[in-house]
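# need a structure here:
(chains A and B)
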Number of protein chains: 2
Amino acid sequence: MNYPNGIKKGSISTNNNKEIDYKNRGMTLEGELNDSNLYYQETEKAFIYKKPTPIKITKVDYPSRDKAVIKEAFFTIPSTTDYNGLYKGKYIDFEAKETKSKTAFSLSNIHPHQIKHLENINKNGGISFLIVRFTVLNETYLLTTNDFLQFIKEEDRKSIPHSYFKEKAYLLKDQYQPRIDYLKVVDQLIGGK
Amino acid sequence: MNYPNGIKKGSISTNNNKEIDYKNRGMTLEGELNDSNLYYQETEKAFIYKKPTPIKITKVDYPSRDKAVIKEAFFTIPSTTDYNGLYKGKYIDFEAKETKSKTAFSLSNIHPHQIKHLENINKNGGISFLIVRFTVLNETYLLTTNDFLQFIKEEDRKSIPHSYFKEKAYLLKDQYQPRIDYLKVVDQLIGGK
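The predicted structure is shown next:
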């Protein structure tokens, strides 16, 4: 079927809309997590959001009284993780990353102050973890902060091998709705505490 | 005393630095809250951060391979509140606003989806509230989401009178360190639950 103005079904980015096209395969991890979080919000199961990208604004124009246009800005290094929120009265906090490698996840993906942040959350009664997708293998894992920190502490390596994820992390299967049901794993983490 | 290069003591914005100039009076509410949150983080009391300002990026230049410069972007309406984090195992979430009015706080300061967000957090085991500063009166209040929602429900007004804050909200006094010790009120809220 042809849509007006050459718009093809599923070709519009819908992350910021209420209507989600679940048929849109090949989404990024971020897109799938945003859709999953939207589903959790709409079903009032959890209130977890991606934080805006941190930038440093250096030039703003005001073409009219109410309107501001940023004319120069730079991306800055985030001091915390990308996602946080509330689930079953618990504080949830995580970072999500994709890797093209088939064999390992490079630690250069996570900044030192993000590691410190995950550790602080873990120590102070929050639930924190990493979600890592091996895009070529089409495998997505949830690795708890405890297991992440243990690797860093014990191993003198610059990347976490895929085998460590297979052994320690939780495999998150792609599904219909929500796309990535990571709260199912969080339920296990809460139950096991 | 004169500093090199004409820099005057207390003239440098230190919000993003570790070193805080507590003598810098006349800070904005945001500056004081950022300082207070930094103090809470450094003393490992709480991990509460201001979210980056949400923007929509429409043009990015790459002057070199590793460098990206945002050349056009627009401010967008936030879907949640500005501050959230973790304190004593609890999820904390609030919005902070200044008003120049001496008599009332206009409800136009808070977007409808922010009200809905505060309500969701409140209903699901988080601690949520507003921090409102009447700059001319030099008074800063913490108003719980319950009291905020009650006003909206019962009153058909476009602003909350100052008297309602005096009656229902907690006055937050300016002090040395942290500048605004709003977690003291949170302790009362947790204790009273």
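# is stretch A:60-79 up against chain B anywhere?
Yes. Against chain B, stretch A:60-79 shows contacts by CB under 8 Å from any CB of the partner chain at A:Ala68, A:Val69, A:Ile70, A:Lys71, A:Glu72, A:Ala73, A:Phe74, A:Phe75, A:Ser79. Just so you know, the C-beta spots here come from the backbone N, C-alpha and C atoms, and that holds for glycine as well.
# longest helix in chain A, please.
Ranked by residue count and defined by DSSP state H, the top helix of chain A is helix A:29-42.
# what does that helix rub up against?
Contact with helix A:29-42 is made by A:13, A:15, A:18, A:20, A:22, A:27, A:46-50, A:83, A:85, A:87, A:96-98, A:131, A:133, A:135, A:140, A:174, A:177-183, B:120, as judged by CB atoms under 8 Å, 6 or more residues apart in numbering or on different chains.
# likewise for stretch A:136-150?
Residues from elsewhere that reach stretch A:136-150 (CB under 8 Å, 6+ apart): A:29, A:100-102, A:115, A:118-119, A:121-122, A:128-134, A:160, A:162, A:165, A:168-172, A:174, A:180, A:182, A:185, A:189.
# change it to 7 Å
Residues outside stretch A:136-150 that contact it (CB atoms under 7 Å, 6 or more residues apart in numbering or on different chains): A:29, A:100, A:102, A:118-119, A:122, A:128-133, A:165, A:168-172, A:180, A:182, A:185, A:189.
# end-to-end on that stretch?
End-to-end span of stretch A:136-150 (CA to CA, to the nearest Å): 26 Å.
# next, the buried residues of that stretch.
Residues A:Glu139, A:Thr140, A:Tyr141, A:Leu142, A:Leu143, A:Thr144, A:Thr145, A:Asp147, A:Phe148 are the ones in stretch A:136-150 that count as buried (16 or more other CB atoms under 10 Å in any protein chain shown).
# so which of those residues comes closest to A:Tyr91?
Of all the buried residues of stretch A:136-150, the one sitting nearest A:Tyr91 is A:Thr145; the distance, using CB to CB, is 12.7 Å.
# ok, that closest one to A:Gly191 distance?
17 Å (CB to CB, to the nearest Å).
# now chain A, which segments are flagged as low pLDDT?
Within chain A, the segments meeting pLDDT under 70 span A:1-26, A:192-193.
# quick one: the strands in chain A?
With strands called from DSSP state E, chain A shows them at A:46-50, A:55-64, A:67-75, A:83-87, A:90-99, A:104-106, A:127-134, A:139-144, A:159-161, A:170-171.
# returning to what we had before: what's the most distant pair in the buried residues of stretch A:136-150?
Pairwise over the buried residues of stretch A:136-150, using CB to CB, the maximum falls at A:Glu139 and A:Thr145, 19.9 Å.
# mind giving me the ChimeraX command for buried ones among the residues of stretch A:60-79 next to chain B?
Filtering these down to the buried ones (16+ other CB under 10 Å) takes a single ChimeraX command:
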select /A:70,72,73
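# would you list the residues of stretch A:60-79 next to chain B in a markdown table and tack on distance to A:Ser108?
Shown next, in a markdown table, are those (distance: CB to CB, whole Å):
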| residue | distance to A:Ser108 |
| --- | --- |
| A:Ala68 | 35 |
| A:Val69 | 34 |
| A:Ile70 | 29 |
| A:Lys71 | 32 |
| A:Glu72 | 28 |
| A:Ala73 | 24 |
| A:Phe74 | 20 |
| A:Phe75 | 16 |
| A:Ser79 | 17 |
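# tell me the two of the residues of stretch A:60-79 next to chain B that are most distant?
Greatest spatial distance among the residues of stretch A:60-79 next to chain B (CB to CB): A:Val69 and A:Ser79, at 26.6 Å.
# is stretch A:171-186 anywhere near chain B?
No. Residues of stretch A:171-186 are not located near chain B by CB under 7 Å from any CB of the partner chain, the shortest gap being 12.9 Å.
# list the buried residues of that stretch.
Applying a neighbour-count criterion of 16+ other CB under 10 Å, one finds A:Leu172, A:Pro178, A:Arg179, A:Ile180, A:Asp181, A:Tyr182, A:Leu183, A:Val185, A:Val186 buried in stretch A:171-186.
# can you check stretch A:105-114 too?
Within stretch A:105-114, the residues scored as buried using 16+ other CB under 10 Å are A:Phe105, A:Leu107, A:Ile110, A:His111, A:Gln114.
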